[in-house]
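Colleague: Please find the sequence and the predicted model below.
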Amino acid sequence: MSVLMELKGKYNEVLQRHNKGAKYLDDMSVSLEEKEKWSGEFKDILRSMDELVKAIEEQGYKVTDDEILNGFGVEK
């Protein structure tokens, strides 16, 4: 597997965590206190996403806004 494909796969995994975390943090039934417990973890997820986008672009691939929001398609 190429480095680029590996990075894209890792990004997709972190994006899934981001989406689950965002849904949790947006849930009005979850207390503010509980949300605050997870805010640091969510910041780490955002940092990881940013680092992975930079690493992917360092491989010569231009990441689109759609890919940042929705992830990378499976390449064959």
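Modeller: Cool, got the structure. Numbers count the residues shown, from 1 in each chain.

Colleague: For this protein, give the helix that spans the most residues.
Modeller: helix 32-58 (DSSP state H).

Colleague: measure E6 to E13 for me?
Modeller: E6 is 11 Å from E13, where distance means CB to CB, to the nearest Å. C-betas here are computed from N, CA, C, even on glycine.

Colleague: Specify the local secondary structure of the closest residue to V53 other than its chain neighbours.
Modeller: Here the nearest residue to V53 in space, its sequence neighbours aside, is V63; by CB to CB, 6 or more residues apart in numbering that works out to 5.3 Å. Assigned by DSSP: H, G, I helix; E, B strand; the rest coil, the conformation of V63 is coil.

Colleague: What does V63 show for phi and psi?
Modeller: phi -80, psi 130 (degrees, to the nearest 10).

Colleague: so who does it touch?
Modeller: V53, I56, E57 (CB atoms under 8 Å, 6 or more residues apart in numbering).

Colleague: gap between M5 and E51?
Modeller: Taking CB to CB as the measure, M5 and E51 are separated by 17 Å.

Colleague: Can you tell me how far the spatially most central residue of the chain is from D66?
Modeller: Among the residues of the chain, the one closest to the centroid is L15, at 2.9 Å (CA atoms, centre = their mean). Distance of L15 to D66, given as CB to CB: 12 Å.

Colleague: what does A22 give?
Modeller: In terms of CB to CB, A22 sits 17 Å off from D66.
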